[in-house]
Every structure is written in C-alpha cells, then in structure tokens.
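> Got a sequence here, can you build the structure:
(2 chains)
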Amino acid sequence: MLFLLFASFLSLAAPEMIPEEDVELTGRSAPDFSLKTLDGNEFRLSDHRGQVVVLSFWASWCGPCRFELPELSRIKPLYPNTKFIAVNVDRERSEAERFLKRVQFDLPIVWDNQAMALGEYSVVSMPTMFLIDKNGTVQYVKVGYSRQKKLAELESKIKELQQ
Amino acid sequence: MSDVENFETPDASSNKNNIWLYILVPILMFGVGVGMLMTSHHEEQLYGGEQTQLVGCEASAEVNCDVVNTSSYSEFLSVPIATWGAATYLTLLLCLFWVLQGKREYLKGMFWIGVLSAVYSGFLFYISKVEIGYVCLWCMRLYAVNLAIPILTALAGALNATISKTAIQRLALSFFIFAGVSILGQQSYRSSLLGDAGKIDLDKKIAENQEASESEIPKKEEIFTDPEGAAPALSFTIQTEDKNEAILKTSPDDPWKGNPNAKIAIIEFADLECGYCKRAASQLSKLYEAYKNDIVVIFKHYPLDPRCNPGVKNRKHRKACDASLAATCAQEQRRFWAFHDLTFKNQHAIEKENLRLYAEKVGMDLKQYDDCMSTGRTKRKLLADTKQGKDLDIHGTPRIWINDKLYRSGSSAQQMALFIERTLGKDAKEAAKNSFKLRPERSQAKPIPEDIAPTQTISMSELAFEIQTFEAGLKDGVAVSGKHVIPATRMSWFAAKDACEKANMRLCTEQEWLSACQGAYAQDDDSDASFADDLVEGTSYPYGDFYNPNLCWTAKDRSKFRPVYTGEMPGCVTPQGVYDLAGNVEEWVGDTPENAVLMGGAYDTPKEKARCYRANNTFGPGYSNKRTGFRCCK
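Have a look, this model is predicted:
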C-alpha cells in the first residue's frame, strides 16, 4: 500500500514551474515611451514629469472600456493638474476609429499599434490603468473596471498625490 | 498498580468500540467483491471475447461504468485500479483480524490507509466527473467503502492507538503478498481472455498508425466518393433508451457506405457540431476501414439545433443545422462522407462560409451547392431524420446502433468490433484477438532522451527547415533550446527576433510553425497570408486530434500557476519530436512586424483552445508579458 501510494504520488508529481518573478510595477519608475497621438502629434511620457499622470490602456474590442473611458473623461476637469492619457492598442487604426464613433469621451488618445508601451507595462488584460506620480513613479495599478465602484479609488489616490 | 490501570483502560474501552470494527468486516468484504467485479469488467471490456453488461450501473448521460472503467485512468502501472483496491481491502481484512485478536497496534495503520484511500477516491471522482465526463456507480460504491474505513477505525479508537515499526513492516509485507496474488490472478485472467492477441506489439501498432496519419493530407484524386444508389432497406426491432420497443428503419435517401448486402448495419444518429460525435466518427472510421466488406454504415442527422430539430429546446449548437444541411447538399453530389470527415476535422470552424469552403475542398460544384442550400427539400430530409430520432427516444448524440445493439458516446472501435466479430460468427477468442487490433491508442509519454538534439529537421512539401526542439530560453541574450531550460517570457516579437538572430537563426514563419505542430504542410486556403485560419490539414494538437488535458501545460489559469521548464511535459510532442508547441508560453512567429503572431496558447489558455492553430494577433509586435515566448527556426 505504501509503495502504491508512493508510486502514485511519483506518477502525479507536478511539473516544475519556473521561478516566480517580481514584476510588480507599483513603486517602480514608469517605463518611458513615445507615441503619436491620433491627430499626429508626438507624445512622450517623460515630458510630463512633474505632473500626476493617469495612463489608461484600451482596445476597441474591450467591453468595460466603453464605460471606463467616458468616466475618466467625466472626472478629468475635476483634476486640472493631472494629465489623462488613453492609450489605444488596436493593431488596425480603423477599429479604434469605429469605437470612437460609438463611444463619446474627451481624452487625449495615443495610438500604440505596435504594442510598444503595452509591452513595457506588461499589460495582460483590458482595461488596465496606471497612476504615475510627479516623480515618474507608478503609484497605483488598476486592472478592469467596475460600473458600481467607478473610479472612486483612483480619485482618492489622485487627491493623495496632489497634496 | 498505576501501570496496570494504564494498561487496562484503553483495552476496556477498545472492547466497547469493537462494534465499529465488526461493522467494517462486511464492508471490506464487499470492497473485495467489488474490486474483483470491477477487475473482471475492466479486463472483459478491454480484452474479452464477450462484453458483459455490468448490472447496477445503467448508462445515462451522467453515468457510464464502461467508459470510466476502461479509461486510461482505470489502470495504474498497467494493473486495473480495482485490483489494487481488492489487494488493499484484503490487507485491511487481515489487519482487522489481528486487531480483533487484541493486536491494536494495527488499528492506526488501518486508519491512515483509509485516509489515503479516501483522498485518492476524491481524486478519482474528480477525474471521472471532470476529465472523463461520466461517473461510475460501482466506483462510487468503492469510494464509500474507502470513506468508511477511516471513519469506523477512528470511532474504534484508532486516533489513540499507537503503531509499532513491526506493525508497519507486517502491513507492508501483507500488502505486497496480497497485491502479488491479485495481480497474478488478474494477469492470468487477461491472458486467458487474450489468447495470442496479447502478443501484438502495441508500440509497433501505434507507429503504424502514426505513419498512416502522416500521409493523411487529402489530395484531390483521393477524395472519397459516396457509393451509387439508394441506401439498403433495413429494419431492426430495438429497445429504446426509455425501454420502449421501436422499429429502427433506414430510408433510401440516407447517406451510406460499405457493403449494401452486409448482414451488419451501423446506423448512427449524429450532430456535426457535437464533440462526442467527432470522437465517435474517428472510431467508426476505424471500424469501416477494418470491416468495410462486412458492414454497411448509415448516417442519420440529429443536429441539436431547434431550427431543424423541433424537439430541442436549447440553442447550444447554433451551427449544427447549417452543417447538416450542407452535408445533405454534399450527399447530392456524392460527397457526403468526404464532407462529413472534413467538417468533423474542422469542427471549431463550421460557420456558413467555412462550410462552403469545405464543399469546395471536397470537389463540389458550388453553384449546385448554393442552390441546394437554399431549397426547402434539404431541410425536409433533416426534419424526417430528427423526427425518427425523437420516435426512437434519443436523448443525446451520438447514438449508434449496430443492428439492434445501442452504443453511445465513449464507445470504442474495439468494443464495437467485438460485437461485429461475434455477429460474424467468430468464437470468443478469435473475436477478442481481432478486435484487439482496434484497441484505443494510449498516449503514453516517453521520457525525453538526455542527448536530444536542440533542433529538429522538418521537411514537408515545399518546406524544409529546422525548428528548435523546445521553447527557447535565453543565455546572455542568445536563444537556446534544451531540456529543462527556463523558457523565455516577457518577449516582444522584436526581442525574440533579436535573440534568434544572435543564435544565427530566425523566427519561424507561421506556416513553418503550424506545419511542425500539426504534422502536415499548412496551406493558405484563402490567400490572406495567415495559415491558422484555414483548414486543419494535420492534427489539431501536437499529439493528435483530440484534446488531452494531461499532455501539454494548458488550462492552468489560476494565479498559482506559471509556465514550466522546457521538457516537463514529455507527452506534449509531435511525431517529429518537437516539444511544447501547445500551451506553456505563446510563441512569436512571423518574418515582419506586420505579420507577427503568437501561436499555440499559453499555460492559462482554456482547455481545448491551446491547439496548433490558435493564433493570437490581438496586439502588435511590441506586446510582451509573462505569457509571451518564442522558438527559432532556420
């Protein structure tokens, strides 16, 4: 019996997983990037050092983004010293444009069709939002969007950073 | 004095508690009996000349002892689990005898054996319910026995008992003796059932099958044409699933193949969108190849789609009706079976436009096909089939009758071949020997040789290239391939390309990668420079046509999971010896940033979706995270 169980456990021995890495961006310096806005201007993140920055990654196929972006747009005027940026990661610009026809919001949009910023920030799912302080350090990461809680947590973090 | 008291107290209470142990005696005897019953059932189903029906386990949508007790999980070290169980219960009975004689040092051992058996039962129940999809009532009875052991021994005071080293040694020795005797009995029973058939070299058989599948790329001149003429008029009196007597009849316009004068008819009701039907189709095609002169195979449509099956309420199979309509149109052009096979092979993509592509691939006249798809008469044929299915009390698909005997999902070609052999008048031994040739192949992972080459050479049609054997790791920024290497993650296409170039290699193209994975030359059917959205020319997974949750590192979608070292899943391999193409980390392919695509899914890709033709092109080439890796080609 003992042999059986021992052999049984051996046969079920779990495959060895690779070591866990610490890739948590919170508390680390926000990776810099330079992308074009939809109207063709250059946007470089490091140009906004000294300002609190809200970076929201979105895609045309992302359902929650249809609610998150207008909500970000709604709170934007309440925090005039904070820079809000919506990073679109669609590969095809036409898809992003179709989305913009359906969903109304007023945020500067940069287009990351090569997923360069997306890769730097190791984003796995949409929407993902990063709050960066005046020194360029990531202070808060939020994955997903809740239509009940809205952006209450983000707002309180922005207030903390602006004090 | 106090010594005497200390000695007497537990004994006095133990005598009082012995009632629980007496209750355990018949339970363990029942366990031995069931263990033997399940062993003989297992052996008879897989190696026997007669297929005995197991009483007390009526097959239904949830219950099927035959499938569970013949699955790859039903054996451990090539011995049925039930045999191991019987040996364990015999050991426990002996211990019980010793305990009742006053040797209470065995009680704790019994308790722990019971705990481990109960835990193992939980595992087996999970496997049976989740992986196999059926429960086995007799197995459940054994789980109850396993649960009773720790409970009753605990009530009898096992937790306060002590265990000696001698007791452990005797316990282990008894188990070895009982296991030896049980295995001897089981093996001699198997040999008596098998006769000479047991000597068939299974590895050779599997190798033959693999060779067969490698040359399976459909060529136009090889497309199967349906036989001419109406289906033979046949009629069988059958007992339906609801125990009613009914007449199962063929109709002249049923698709058919085989010998129209054969004494044996296989009549299948199936849904082209149903996964179990796809599996059944592969088993039936094996049967057809083996017995085409002795059988006639007849197909009846039973799409689980309310649009052409009014009895169906849910709308889970939304494409089944169109697929059946298209197959009926294929029949009009004598291409039913070719279309049927191609549709099952590409079951993941059977939208209307794909069906039309398959029609073209099997050499149909598309104008005639389009006309046929738009007429009502095609649907009338389907409605007639589904009505007949309803009259026969069909509650699911597939339902296969071989003459008057019903087989359901999970029936293997071997089981059905046995019935055919017996109906053909073969004696039990001969029948077992012949049907054994159609035994399901077991995917047994072979150990990866230590000196395995870092790349494998693939040559197919116009393609000739080398591909890294494993997902690439990184050493000083250079791509390396080897066993037990950390596969590179957080790779963008740019970084992957760079690492390959430093190793004097390049990233694989989508066509190369897909060809290596599916074991067949990948073609761009719709000329859109993407190959993963086209027909499956080879196998869906590196190891075969059907998803096996144990072979590749997939569906590990909780936060505790990460990718594994290379070569940790030795069964996740193509016949050419390329490992880990499905699952673990997604792999960048493509020679330009524009056609950069991630292939094969990662460790967290849900179940059957981590397959060869899973192409993720959602994000651009800069995308990287803990799921993105690569391998190189040259």
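
> wouldn't residue B:373 be in contact with residue B:326 here?
Yes. If you go by Cβ atoms under 8 Å, residue B:373 and residue B:326 touch, sitting 6.7 Å apart. Backbone N, C-alpha and C define where each C-beta goes, glycine included.

> neighbour-wise, which of these two wins?
residue B:326 (26 against 18; other Cβ atoms under 10 Å in any protein chain shown).

> Touching the host helix or strand of that one from outside, list them.
According to DSSP states H and E, residue B:326 maps onto helix B:320-332. Applying Cβ atoms under 8 Å, 6 or more residues apart in numbering or on different chains, the external contacts of helix B:320-332 come out as B:226, B:253, B:255, B:271-274, B:301, B:303-305, B:307-309, B:336, B:338-340, B:343, B:350-352, B:355-356, B:358-359, B:362, B:364, B:368-369, B:372-373, B:378-379, B:381-382.

> Now which of these would you call buried?
B:226, B:255, B:271-274, B:301, B:303-305, B:307-309, B:336, B:338-340, B:343, B:350, B:355-356, B:358-359, B:362, B:364, B:369, B:372-373, B:378-379, B:381-382 (16 or more other Cβ atoms under 10 Å in any protein chain shown).

> Which of those residues fall within strands?
Counted as lying in strands by DSSP state E, out of the buried ones among the contacts of helix B:320-332, are residue B:301.

> Mind checking which of the buried ones among the contacts of helix B:320-332 are in helices?
B:336, B:338-340, B:343, B:355-356, B:358-359, B:369, B:372-373, B:378-379, B:381-382 (DSSP state H).

> farthest pair in those residues?
Largest separation among those by Cβ to Cβ: B:338 and B:379, giving 21.9 Å.

> So the spatially most central residue of chain B: helix, strand or coil?
Residue closest to the mean C-alpha point of chain B, counted by Cα atoms, centre = their mean, is residue B:548 at 5.9 Å. The three-state label given to residue B:548 by DSSP: H, G, I helix; E, B strand; the rest coil is coil.

> Leaving out chain neighbours, which residue sits closest to residue B:278?
residue B:344 (4.7 Å; Cβ to Cβ, 6 or more residues apart in numbering or on different chains).

> where's that neighbour relative to residue B:112, distance?
The gap separating residue B:344 from residue B:112 is 49 Å, by Cβ to Cβ, to the nearest Å.

> okay, and for the chain, where does confidence drop off?
I went with chain A, as the question did not name one. A:1-13 (pLDDT under 70).

> nope, chain B
Ranges of chain B meeting pLDDT under 70: B:1-16, B:47-53, B:59-61, B:72, B:131-133, B:194-221, B:441-444.

> what residues does it put near chain A?
B:76-77, B:84, B:88, B:91, B:113, B:116, B:120, B:168, B:171-172, B:175-176, B:179, B:486-487, B:489-490, B:492, B:553, B:561-565, B:568-569, B:593, B:617-627 (Cβ under 8 Å from any Cβ of the partner chain).

> In PyMOL, how would I select the buried members of those?
Selecting the buried subset of the residues of chain B next to chain A in PyMOL, with 16+ other Cβ under 10 Å as the burial test, is done by:
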select buried, chain B and resi 84+88+91+113+116+120+168+171+175+176+179+486+487+489+490+492+553+562+563+564+565+568+569+593+617+619+620+621+622+623+624+625+626+627
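
> All the helices of the stretch 151-300 of chain B, in order from the start?
B:165-194, B:202-214, B:275-291 (DSSP state H, counting those that start in this stretch).

> will you turn the ones you listed into JSON lines that also has distance to residue B:512?
Converted to JSON lines, the helices of the stretch 151-300 of chain B look like this (distance: least, Cβ to Cβ, whole Å):
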{"stretch": "helix B:165-194", "distance to residue B:512": "44"}
{"stretch": "helix B:202-214", "distance to residue B:512": "17"}
{"stretch": "helix B:275-291", "distance to residue B:512": "27"}
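
> Can you say which of these is nearest to residue A:105?
Residue A:105 sits nearest to helix B:275-291 of all those, at 42.5 Å, using Cβ to Cβ.

> Go ahead and produce PDB holding the CA coordinates of that closest one.
The C-alpha trace of helix B:275-291 is given here as PDB (Å, rounded to 0.1, in the frame of the first residue of the first chain):
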ATOM      1  CA  GLY B 275     -17.600  16.900 -29.800                       C
ATOM      2  CA  TYR B 276     -18.600  13.300 -28.800                       C
ATOM      3  CA  CYS B 277     -19.800  12.700 -32.400                       C
ATOM      4  CA  LYS B 278     -16.400  13.800 -33.700                       C
ATOM      5  CA  ARG B 279     -14.700  11.200 -31.500                       C
ATOM      6  CA  ALA B 280     -17.300   8.600 -32.400                       C
ATOM      7  CA  ALA B 281     -16.600   9.400 -36.100                       C
ATOM      8  CA  SER B 282     -13.000   8.600 -35.700                       C
ATOM      9  CA  GLN B 283     -13.900   5.300 -34.100                       C
ATOM     10  CA  LEU B 284     -16.400   4.500 -36.800                       C
ATOM     11  CA  SER B 285     -14.000   5.300 -39.500                       C
ATOM     12  CA  LYS B 286     -11.500   2.800 -37.900                       C
ATOM     13  CA  LEU B 287     -14.300   0.200 -37.900                       C
ATOM     14  CA  TYR B 288     -15.200   1.000 -41.500                       C
ATOM     15  CA  GLU B 289     -11.600   0.500 -42.600                       C
ATOM     16  CA  ALA B 290     -11.400  -2.800 -40.800                       C
ATOM     17  CA  TYR B 291     -14.800  -4.200 -41.800                       C
END
